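> My questions concern the predicted model and sequence given below.
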Amino acid sequence: MSKLTLKDLSKKMADIDFAMLTTKTKLGQLSARPMSNNGEVDFDGDSYYFTWEDSRMTTDIERDKLVGLTFTGSKGLLGKPPIFVSVEGEAELIRDKAAFADHWKKELDHWFKDGIDTPGVTMIMVRATRVHYWDGEDQGELVV
């Protein structure tokens, strides 16, 4: 078993844009949905996503901040297998427009027509606590 650093893992995740964000519903069921990290692929343990204030995801996080993220990379060069990454973390809902601006990409205007001024927009920050990874050659866990 290999022991990658967070920086090593970030390099392996560099091309991954989408993650599945899993929350726990009020009945204790797991609910996952795809979320774009908006091209912020320099993974340092924190991930940022935008959503709607009145979404079930937001309600789930308000009730239980423990969430999961899963990332799958595309097939590597020379037939190397893709990387799989599972993140356990704590989510925080951010409603500050200055913080939005730090993570906003123009492509988000497709869903949020008024940019950071769109009524009801909320940012989710997931702070990783544990990261598991597999890439066919290495596997391991990082405690962040």
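Great, that's in hand. Residues are numbered from 1 along each chain as shown.
> Any idea how far stretch 48-56 is from the middle of the chain?
On the basis of CA atoms, centre = their mean, to the nearest Å, stretch 48-56 sits 13 Å off its chain's mean C-alpha point.
> Can you give me the end-to-end span of stretch 29-48?
Its start and end residues considered, stretch 29-48 measures 23 Å (CA to CA, to the nearest Å).
> And the residue nearest the centre of this structure?
Ser47 (4.6 Å; CA atoms, centre = their mean).
> List the buried residues in the lowest-mean-pLDDT helix or strand in the chain.
Taking mean pLDDT, DSSP states H and E as the measure, the helix or strand of the chain with the lowest value is helix 6-12, at a mean of 85. Buried residues in helix 6-12, defined by neighbour count with 16 or more other CB atoms under 10 Å: 9, 12. All C-beta atoms are positioned from the backbone trio N, CA, C, and that covers glycine.
> Determine the next helix or strand in the C-terminal direction from it.
Next along the chain after helix 6-12, taking DSSP states H and E as the criterion, comes strand 18-24.
> What helices and strands are in contact with that following strand?
Applying 3 or more CB pairs under 8 Å, 6 or more residues apart in numbering; DSSP states H and E, we find strand 18-24 packed against strand 30-36, strand 46-52, helix 56-63, strand 66-72.
> Sheet-wise, list the partners of that strand with their directions.
Sheet pairing for strand 18-24, assigned by DSSP bridges, gives strand 30-36 (antiparallel), strand 66-72 (antiparallel).
> Show residues contacting it.
The contact list for strand 18-24 (CB atoms under 8 Å, 6 or more residues apart in numbering) reads 30-37, 47, 49, 57, 60-61, 63-64, 66-71, 87, 91, 124, 126.
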